[in-house]
Structures are given as C-alpha cells and as structure tokens.
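# Take a look and give me a structure for this.
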Amino acid sequence: MNGIATSVVIHPSRLLRCLLLTMSVLLLSAALLLWQMPATEARLVIHQLLAMVCVAAALGLVSRALTLTKSFVIDISGTGVIRLHHTGQVAADTGHSVSNDQQGSEVVQLLKDSTLWSSMMLLRLRLVNGQVVVIPVLSDAMSADSFRHLSIACRWIIRQDTSPYPKGIR
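Down below sits the predicted model:
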C-alpha cells in the first residue's frame, strides 16, 4: 500500500499573495468611493461605517499577505498517516530533506471537509491537541508533479474511514 506515500514541500504561494493584495486594493478603492459619495446626513454615517469596514478588511488582507512566509513539509506514509513539519524557510535546493528530522513535526489528521480542486487545495488538518490548521495549497506552491501526488494521496485518505471516532460522533 505504499502507492500514496509522498513527501512534499509547500512553499508560500505568490499567486495567493498577489490575490490578497489585489483584493485589498479593491477594498481601499471601495472605501474611498464610499467616503466621497454625496449623501444625506442619515446615509453619510452608513457610508462612513462601510468605508471603515472596507479599510479594516483591506488592512487585514495586507497583513495576511505579508505574513505568508512559512513553508510546510508534508510527509504521507503508505498507510495514510500524515506528518506535518512546520518550517520557516525551506531552501529549494534542500528539497524535503527535513522529513528525516522527526523532531519539529507532528502527526495530523486530514479532515473530510478539506477542499481538493484541480489547481487549489485547502487542507484542513486536525492537530493532536484538537486545533484545526488550514493550509492553502495553490498549484504555484510546488512542482506540478508534487501537487498531483499530494492531491492523489489526500483524495485516497479522505475516501478511507480512518477516523478514530465511531460513526456519527465527530
């Protein structure tokens, strides 16, 4: 059963960063238009509140885009056990040699409500302490071959009933 065994390095996605920054520019533009829109006194307050919400959302997106610097290494065994390595920056020439070091890693469970599309995956992983981590994986975050291997392995794991809970209890 080692057909799904794979190890991949997930680098921060430049496309995701670009999309987040583009959305923040659009939100700031909407805030500017709302702020300059002529309105009666009653509507002026609503326009100003909406403009402030747009600015707050834009600032949140900018901060998220600037903090997308963490790389991950995901090791999937032949039986479907997933080991997640949190790394700072993984050099491209080292590949995924980090997978030999079990010290900075933890076993996680892939949740069935993860999103697996042909060019994007949102991996929802449950840590041992119960916390859920969402890792966005776009096709530009790794090589096409690695993306395909990860997608196949995740689809196989989701089809299996590997949950430690009895049916109906989640």
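# burial count for the residue lying closest to residue 112 once chain neighbours are set aside?
Nearest non-adjacent residue to residue 112, counting by Cβ to Cβ, 6 or more residues apart in numbering: residue 158, 5.5 Å away. Any C-beta I mention is one placed from the backbone N, CA and C, and that applies to glycine too. For residue 158, the count of nearby residues is 16 (other Cβ atoms under 10 Å).
# give me the element residue 158 is part of.
When secondary structure is defined by DSSP states H and E, residue 158 falls within helix 144-159.
# If you count contacts, what does that helix end up packed against?
strand 6-10, strand 71-76, strand 105-110, strand 115-116, strand 120-126 (3 or more Cβ pairs under 8 Å, 6 or more residues apart in numbering; DSSP states H and E).
# Just the C-alphas of that helix, formatted as PDB.
Below are the C-alpha coordinates for helix 144-159, written out as PDB (Å, rounded to 0.1, in the frame of the first residue of the first chain):
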ATOM      1  CA  ALA A 144       3.200  20.100 -10.800                       C
ATOM      2  CA  ASP A 145       4.300  16.500 -10.100                       C
ATOM      3  CA  SER A 146       4.300  17.100  -6.300                       C
ATOM      4  CA  PHE A 147       0.900  18.800  -6.500                       C
ATOM      5  CA  ARG A 148      -0.500  15.800  -8.300                       C
ATOM      6  CA  HIS A 149       1.000  13.300  -5.800                       C
ATOM      7  CA  LEU A 150      -0.300  15.300  -2.900                       C
ATOM      8  CA  SER A 151      -3.800  15.600  -4.400                       C
ATOM      9  CA  ILE A 152      -4.000  11.900  -5.100                       C
ATOM     10  CA  ALA A 153      -2.800  11.000  -1.600                       C
ATOM     11  CA  CYS A 154      -5.300  13.400   0.000                       C
ATOM     12  CA  ARG A 155      -8.200  12.000  -2.100                       C
ATOM     13  CA  TRP A 156      -7.200   8.500  -1.100                       C
ATOM     14  CA  ILE A 157      -7.100   9.400   2.600                       C
ATOM     15  CA  ILE A 158     -10.400  11.200   2.500                       C
ATOM     16  CA  ARG A 159     -12.100   8.100   0.900                       C
END
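# List of residues touching that helix?
Residues outside helix 144-159 that contact it (Cβ atoms under 8 Å, 6 or more residues apart in numbering) are 4-6, 8-9, 74, 76, 80, 82, 110, 112, 114, 116, 118, 121, 123, 137, 139, 141-142.
# Enumerate the positions of the helix or strand hosting residue 134 that are buried.
Element membership for residue 134 (DSSP H and E) is strand 132-138. For strand 132-138, a neighbour-count test (16 or more other Cβ atoms under 10 Å) marks 135, 137-138 as buried.
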